[in-house]
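Participant: sequence first, predicted coordinates after that:
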Amino acid sequence: AQSVTQLDSQVPVFEEAPVELRCNYSSSVSVYLFWYVQYPNQGLQLLLKYLSGSTLVKGINGFEAEFNKSQTSFHLRKPSVHISDTAEYFCAVGTSGGSYIPTFGRGTSLIVHP
Amino acid sequence: GAVVSQHPSWVICKSGTSVKIECRSLDFQATTMFWYRQFPKQSLMLMATSNEGSKATYEQGVEKDKFLINHASLTLSTLTVTSAHPEDSSFYICSALSGTGTEAFFGQGTRLTVV
């Protein structure tokens, strides 16, 4: 079984400040890791994903995440946020090999203040 | 990237009626699709996994007779909420698994309101 923990339900930050959204996972097998963004009343948009290779993954909108196997983490970072980054962010894990059913964290609401 | 279209985006229906939501993969074939339900300020709850040409696999606690899923082709899966009641009001999201099985592409969601 796999699970995802997003420790912060809400992260307030001022515009142009850096931000880190935390994600930890547990799985007994190798995993794929994803970050999605959801704007109000919309579906999920993929920000970035880790399948294999380099542990530092760069995504869209200036976001990046680092896969840390020893700490079972996949934290999302952005050096300078914009008002438009205000949204719900979901971390997800899927097991590599076999059938893939993504498991989502509860989400982190990023609130960017002017 | 691959596109998944979900229709309708919004629907309001009377209690006791049925509502069908469509999920289409526009530029790829999806053997497997997923249906989620999302309550306000909460994460996505997997309802069922839909496999083309076979019966859907429902998660524990999801009523299969109430939430009918049909995946008749490689590009279309439908979710029908039968005899809808106000407690079925929610945001429903579908996703389709890529051919490589390493990524799921999401529809834009359907806001269902039962009055």
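Facilitator: That came through fine.

Participant: make it CA atoms for all contacts and neighbour counts henceforth
Facilitator: Fine.

Participant: how many neighbours does B:I93 have?
Facilitator: The number of residues packed near B:I93 is 27, by other C-alpha atoms under 10 Å in any protein chain shown.

Participant: need the three-state assignment for it.
Facilitator: Here B:I93 takes the strand state, with states given by DSSP: H, G, I helix; E, B strand; the rest coil.

Participant: report the separation between it and B:W10.
Facilitator: With distances taken as C-alpha to C-alpha, to the nearest Å, B:I93 is found 12 Å from B:W10.

Participant: surely B:A2 and B:F28 touch.
Facilitator: Yes - under the criterion of C-alpha atoms under 8 Å, B:A2 is in contact with B:F28, at a separation of 6.9 Å.

Participant: out of the two, which sits in the busier spot?
Facilitator: Of the pair B:A2 and B:F28, B:F28 is the one with more neighbours under other C-alpha under 10 Å, namely 16 against 13.

Participant: give me the element that one is part of.
Facilitator: For B:F28, there is no host helix or strand (DSSP states H and E).

Participant: measure it to A:V13 for me?
Facilitator: Distance, B:F28 to A:V13, using C-alpha to C-alpha: 39 Å.

Participant: got it, and A:F90?
Facilitator: In this structure, A:F90 and A:V13 are 18 Å apart, going by C-alpha to C-alpha.

Participant: on that earlier part again, shared neighbours of B:I93 and B:W10, anything?
Facilitator: B:T110 (C-alpha atoms under 8 Å, 6 or more residues apart in numbering or on different chains).

Participant: so for chain B, the centremost residue is which one?
Facilitator: B:W35 (3.7 Å; C-alpha atoms, centre = their mean).

Participant: tell me, what's the model's pLDDT at that one?
Facilitator: pLDDT for B:W35: 95.

Participant: part of a strand, is it?
Facilitator: Yes - counting by three-state DSSP, B:W35 is part of a strand.

Participant: that one is in contact with B:L46, isn't it?
Facilitator: Yes - the criterion here is C-alpha under 8 Å, and B:W35 meets it with B:L46 at 6.2 Å.

Participant: for the helix or strand bottoming out on mean pLDDT in chain A, which strands pair with it and how are they oriented?
Facilitator: The weakest-scoring helix or strand in chain A, judged by mean pLDDT, DSSP states H and E, is strand A:103-104 (a mean of 87). The strands that strand A:103-104 pairs with in its sheet are strand A:87-95 (antiparallel) (by DSSP bridges).

Participant: ok, now which ones touch the residue nearest to A:E88 when sequence neighbours are not counted?
Facilitator: Sequence neighbours aside, A:S109 is the residue nearest to A:E88 in space, at 4.4 Å (criterion: C-alpha to C-alpha, 6 or more residues apart in numbering or on different chains). With contacts taken as C-alpha under 8 Å, 6+ apart, A:S109 has the following neighbours: A:S9, A:Q10, A:V11, A:T86, A:A87, A:E88, A:Y89.

Participant: likewise for B:D65?
Facilitator: B:T82.

Participant: state the pLDDT value of it.
Facilitator: 95.

Participant: what about it, which SS state?
Facilitator: Assigned with three-state DSSP, B:D65 falls in the coil class.
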